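S.K.: I would like the atomic coordinates for the input below:
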Amino acid sequence: MVLLAYSTTISHVIFVDNVVIFLNVTLLDSACFQTILLIFCNATRMQSNHKKSTITLINLSQQKLIFAQQKFPFRQIVLREGLKYLAFYLKPNKYLITDWIGLVARIEAKIHTWYNCWISRARRLVLIKLVLEAIPVYWMALAWIPKDIMRRIQHVCCRFLWRGNKEGKTFAWIKWDQITRPRKWDGWGMKNLILFSKALVAKLGWKLLKTDNLWKDVVFKKYIYPLSILDWFRNLIRTRKNNSTFWRAFLNSISVIKQGLTWHIRSGESVRIGKDAWSGCINSHTLPQGVT
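M.R.: Residues are numbered from 1 along each chain as shown. As a prediction, this is how the structure comes out:
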């Protein structure tokens, strides 16, 4: 069971067949959990898969460690190596470039399946836009992927676009800036992955401002409390250490939100006159320098 600050408790996270359960390794908790598993298996006629199930043990004495391994004979993994949930590796420490190499390899493997097919350049462009660029979207919406990895993905897509399955060197016929420009602006419609990643991560900040869910509650209690969201957003206090991957990604993209953030005046109690932009204004809300 995970106990966060200020009375926020999370005992489990469930999405379809991906389940994470937080448990105190005590005799009572372990017995209750085993009973729950037994009732579930008997009711559904299913069995837990020991090969796919894992257990991560944190800060346990040697006695409790042996006890947990006997009660739950699952594959044991170390937390610092990453806990896989919904195809994403959750790590307590900072992600390294090597942690993202698998994403590039997955895109290259997809291209390799097309090597025996003759594909025109127009069809290659469609495959890049619909398949290859869609692979990293899930990760881009969760974390700040290093620019070096994004450039490698861009290079792999560019190489496939111009060379296809041919070996050797080739040259791009059109500048990458035009290729990543929308078609309505006379471009080819491919994504600028670095900018697209920044926009996706900025959605986390928008959810923080506009939604009400468990994620917002956890983030607020961990990183913002005792300030209000409004006060924190204005001052952007980032003094807390040990930020999660998702929170660091949000901080890196917060400028996207601030550039287009406007206010509804209404009663005017929460708006700072001369500092906060209001709906419809175009840089006309700022007071002259020296005026307060």
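
S.K.: which phi and psi does residue 10 have?
M.R.: Per-residue torsions, residue 10: phi -130, psi 120 (degrees, to the nearest 10).

S.K.: Please verify my assumption that it contacts residue 22.
M.R.: Yes - taking contacts as CB atoms under 8 Å, residue 10 lies within contact range of residue 22: 6.5 Å. (C-beta placed from N, C-alpha, C; glycine too.)

S.K.: As a check, name the ranges of all helices in the protein.
M.R.: Ranges of helices in the chain, per DSSP state H, are 27-44, 62-71, 101-112, 121-127, 137-140, 147-163, 176-179, 193-210, 214-219, 229-235, 245-260.

S.K.: Turn those into CSV, columns for distance to residue 186 and mean pLDDT.
M.R.: Formatted as CSV, these follow (distance: least, CB to CB, whole Å; pLDDT from 0 to 100):
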stretch, distance to residue 186, mean pLDDT
helix 27-44, 57, 84
helix 62-71, 62, 78
helix 101-112, 27, 88
helix 121-127, 15, 86
helix 137-140, 25, 84
helix 147-163, 18, 86
helix 176-179, 8, 80
helix 193-210, 18, 81
helix 214-219, 40, 80
helix 229-235, 38, 76
helix 245-260, 25, 77
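
S.K.: what about those helices, which gets the closest to residue 270?
M.R.: Among the helices of the chain, helix 229-235 comes nearest to residue 270, with 6.5 Å by CB to CB.

S.K.: centre of the chain versus the closest one, how much separation?
M.R.: Here helix 229-235 is found 23 Å from its chain centre; the criterion is CA atoms, centre = their mean, to the nearest Å.

S.K.: If we go by neighbour counts, what in it is buried?
M.R.: 232, 233 (16 or more other CB atoms under 10 Å).

S.K.: what do you get for stretch 62-70?
M.R.: Judged by neighbour count (16+ other CB under 10 Å), stretch 62-70 contains these buried residues: 67, 68.

S.K.: Look at residue 205 and say how many residues are nearby.
M.R.: As a burial measure, residue 205 scores 20 neighbours (other CB atoms under 10 Å).

S.K.: Relative to residue 54, how far out is it?
M.R.: 32 Å (CB to CB, to the nearest Å).

S.K.: Tell me who's in contact with the residue nearest to the spatial centre of the chain.
M.R.: Central residue of the chain (CA atoms, centre = their mean): residue 142, 0.7 Å from the mean position. Contacts for residue 142 (CB atoms under 8 Å, 6 or more residues apart in numbering) come out as 88, 245, 246, 249.

S.K.: Which one of those residues sits in the busiest neighbourhood?
M.R.: residue 249 (24 neighbours).

S.K.: Please report how far the residue lying closest to residue 20 once chain neighbours are set aside lies from residue 22.
M.R.: Distances taken as CB to CB, 6 or more residues apart in numbering place residue 13 nearest to residue 20, at 4.5 Å, with adjacent residues excluded. Applying CB to CB, one obtains 8 Å for the distance of residue 13 from residue 22.

S.K.: What count of nearby residues applies to the nearest residue to residue 92 once chain neighbours are set aside?
M.R.: Spatial nearest neighbour of residue 92, excluding adjacent residues (CB to CB, 6+ apart): residue 79 at 5.7 Å. Counted with other CB under 10 Å, residues neighbouring residue 79 total 13.

S.K.: Quick one, grab the pLDDT at residue 79.
M.R.: For residue 79, the model assigns a pLDDT of 76.

S.K.: Tell me who's in contact with it.
M.R.: Contact analysis of residue 79 by CB under 8 Å, 6+ apart lists 56, 58, 91, 92.

S.K.: If you rank these by neighbours, which is first?
M.R.: Going by other CB under 10 Å, residue 91 tops the contacts of residue 79 with 17 neighbours.

S.K.: Count the residues that sit near the residue nearest to that one when sequence neighbours are not counted.
M.R.: Leaving aside its sequence neighbours, residue 91 sits nearest to residue 82 (CB to CB, 6+ apart; 4.7 Å). By other CB under 10 Å, the residues close to residue 82 number 16.
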